[in-house]
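J.: A predicted structure for the sequence below; I have some questions about it.
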Amino acid sequence: MDAAAVAEVFAPVTSVRTRRMFGGLGVYAGEAMFALAFDGEIFLKTTEATRPEFAAAGSEPFRYSARSRDRELSYWRLPAAAFDDEEVLRRFTGLALAAAREAALGKRGRPLRRPSPR
């Protein structure tokens, strides 16, 4: 999925910009990366609290293999219903934007790590 197709998906809800990363696209609204597009799919940022709602909608997490281990990110597939129903798209995009903002706040509030003394 290219940048224009991603922008078209989210057009009814918010304007987005994309940035190439790890073989896919990071999807941003403002400064918040709330989604990623990879291998023709769109995945939205989640939190522990919102994952059950994504699971109930038939979504699955973004998984990849690295160093011969399967890994899972906090991004879950955009539910299929969101492509046909603007309210579903609005709901899940809103959850993802809130998750991205929450993550950004957490990073800013984290103290800087000091090098360990040797």
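T.: On my side now, so go ahead.

J.: how about the strands in the protein?
T.: 17-21, 24-29, 32-38, 41-45, 61-66, 69-77 (DSSP state E).

J.: list the buried residues of stretch 44-51.
T.: By neighbour count on 16 or more other Cβ atoms under 10 Å, the buried set for stretch 44-51 is 44-46, 50-51. (Each C-beta comes from the backbone N, C-alpha and C, glycine too.)

J.: which strands and helices sit next to the helix-or-strand element of the chain with minimal mean pLDDT?
T.: Counting by mean pLDDT, DSSP states H and E, the weakest-scoring helix or strand in the chain turns out to be strand 61-66, with a mean of 86. Contacts defined by 3 or more Cβ pairs under 8 Å, 6 or more residues apart in numbering; DSSP states H and E place strand 61-66 against strand 69-77.

J.: contacts for the strand it packs on next, please.
T.: Around strand 69-77, the neighbours that count as contacts under Cβ atoms under 8 Å, 6 or more residues apart in numbering are 35-36, 41-47, 51, 54-55, 59-65, 99.
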